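>>> Sharing a model prediction with you, sequence too.
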Amino acid sequence: MSTNTKSVTRLSSRSLHQLGVACGLGAGAWLGAAEAPTKLVTMGFSPFVISVGMVAGVFVARWTVPTLLKGTGYVLLDLKEKAHLIVWAVLAGMLWAVANTLTVFAIRNVGLSIAFPLWNTNSLVGLFWGWLLFNELRGSGAGQWAKVLGGAAAIVVGACLLAYATSHQSAVAQHSAAMGILAALGAGVLWGTMYIPYKKAYISGMNPLSFVTVFTFGELGTAFALAAVFHGGFEPLLAELTRARPALFWLFLGGFCWVLGDIFQQYAAKYIGIGRGVPLSNTNQLWGLAWGALVFGEMAALGPTGRVLVIAGSLVMIGGAVAISLAEAPESEQTSWRKAMDRECGRYGLDRQRVAAILQGDDPLAREMTTGRRWWELLIVAAAVGIFLWLASAAELQPISVNLPWMALLSVASLVFLVLCGALLWKRTGFS
């Protein structure tokens with residue numbers, strides 16, 4: 001390889017790393033904002049109804065956003081090329097639905113600002129699977145290992161501090177707090193394992209937008225099945241959903257916001273790996289803490305010691321995530337990544353050069369597309385807008401105390417991340 005070629009390769013890898021970092025930060029903003037509507041669980045709504053309401057918004061968003069960005073023709077061709085990954089996407093959706101339901105229980109029992117960092121231990125699980133199955137960190141030097149493992153240790157310490165802080169929260173019974181902690185940690189394990197199908201799809205060349213389109217069938221079916229079982233059947237579930245109709249718009253909106261964050265997270269996992277991308281997207285704990293403390297006043301029930309522990313635990317976990325994100329993969333590690341890609345290509349008969357180009361943000365399928373947009377794509381977008389308007393027509397303000405100036409400020413900040421990160425992703429890869 002010539003000197004000029006090596007230089008171009010380094011620049012390309014660095015730009016992809018920077019893109020992955022930006023996507024991780026954008027994911028943090030929107031994943032944090034998406035959890036705010038789950039505060040409705042404190043109004044007496046079933047956690048399963050909360051989960052179904054959010055997943056309904058997720059289902060609509062996971063069809064609408066890929067349609068707007070790439071078109072149904074592209075998505076269908078991409079799925080046809082990698083049909084073996086469809087079952088993995090459905091499995092990932094099922095894991096997501098169970099984890100999401102557990103987070104609602106956690107928020108009910110210990111609050112948003114406490115539960116958020118606890119389930120963000122998913123970064124530890126994702127880090128382990130990335131190393132074990134996809135050669136992440138293989139071939140890295142001591143510096144990269146120190147950043148990643150040191151960051152992982154910081155995340156564990158921060159999680160322990162936050163768990164201990166719940167013992168100072170007088171408004172929550174010890175039993176309820178313990179159950180909330182277990183629910184949040186269980187969600188972290190499931191979400192960390194969910195990244196196995198993510199990574200498997202991306203080192204095989206599947207576009208994240210195609211992946212999430214199939215992903216949603218697994219999460220929607222699982223969420224409805226869980227809700228029906230625990231409500232004694234579909235009729236009681238429908239009755240509960242009818243009772244919650246005035247609040248469904250807010251849950252639906254939360255699910256839509258979650259998809260925007262999850263898409264950014266998926267691009268981060270694709271371009272910098274799950275061991276780095278997931279901890280970076282776990283900056284959503286800052287946003288969760290901000291929404292919980294500034295908008296909903298959750299820390300008002302904590303004493304001085306509890307508040308110090310929450311803030312200290314969050315900062316320690318953030319420091320760990322930052323350390324991991326700064327561990328840019330050297331060429332020796334990227335060689336190990338390519339071996340994992342070669343393994344998948346050999347297993348499923350994929351074109352290695354084609355997949356390698358996709359992993360560099362250059363999508364041959366997008367260039368080969370000969371058909372334009374389809375007429376039914378307008379119907380998909382119109383249907384999504386219609387559902388929003390229908391739910392909004394029955395929406396009512398819920399009796400939850402909120403700080404409107406802080407809510408407005410956090411919402412604007414999230415929109416800024418959406419525009420900036422989306423523009424970077426489009427300019428560098430065309431949403432490849």
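Thanks, I have the structure now. Residues are numbered from 1 along each chain as shown.
>>> Can you give me the pLDDT of Ala163?
With respect to pLDDT, Ala163 scores 66.
>>> Over to Ile387?
Ile387 is assigned 91 on the pLDDT scale.
>>> so where is the protein shaky, pLDDT-wise?
1-12, 38-43, 112-113, 163, 166-175 (pLDDT under 70).
>>> can you pull the contacts of the residue most central in space within it?
Using CA atoms, centre = their mean, the residue of the chain that lies closest to the mean C-alpha position is Asp262, 3.5 Å off. Shown in contact with Asp262 (CB atoms under 8 Å, 6 or more residues apart in numbering): Ala27, Leu31, Val212. C-beta: built from backbone N, CA, C; applies to glycine.
>>> Val65 now?
Contacts of Val65 (CB under 8 Å, 6+ apart): Leu209, Val212, Val259, Leu260, Ile263.
>>> Help me confirm that the second one comes into contact with Trp63.
Which is Val212. No. Counting by CB atoms under 8 Å, Val212 does not reach Trp63; the two are 9.1 Å apart.
>>> Which one of the two is surrounded by more residues?
Neighbour count, other CB atoms under 10 Å: between Val212 and Trp63, Val212 has more, with 26 against 20.
>>> what's the closest non-adjacent residue to that one?
Arg62 (4.7 Å; CB to CB, 6 or more residues apart in numbering).
>>> cool, and Ser51?
Using CB to CB, 6+ apart, the nearest residue to Ser51 is Thr101, at 4.4 Å.
>>> so the one you found makes contact with Phe48?
Yes. Thr101 lies in contact with Phe48 (CB under 8 Å); the separation is 6.4 Å.
>>> Please enumerate the shared neighbours of the two.
Here Thr101 and Phe48 have Ala223, Leu226 as joint contacts, going by CB under 8 Å, 6+ apart.
>>> Compare neighbour counts for these two and give me the winner.
Shown here are Thr101 and Phe48; by other CB under 10 Å, Thr101 has more neighbours (26 against 21).
>>> list the contacts for that one?
Neighbouring residues of Thr101 by CB under 8 Å, 6+ apart: Pro47, Phe48, Ser51, Ala223, Leu226.
>>> Okay, and it sits in which element?
helix 86-110 (DSSP states H and E).
>>> what angle sits between the next helix-or-strand element following that helix and helix 86-110?
The element immediately downstream of helix 86-110 (helix or strand, assigned by DSSP H and E) is helix 112-119. Using axes from the mean of the first three to the mean of the last three CA atoms, to 10 degrees, the direction of helix 112-119 lies 140 degrees away from that of helix 86-110.
>>> Report all helices and strands that helix 112-119 contacts.
With contacts defined as 3 or more CB pairs under 8 Å, 6 or more residues apart in numbering; DSSP states H and E, the packing partners of helix 112-119 are helix 86-110, helix 142-165, helix 174-202, helix 284-290, helix 304-325.
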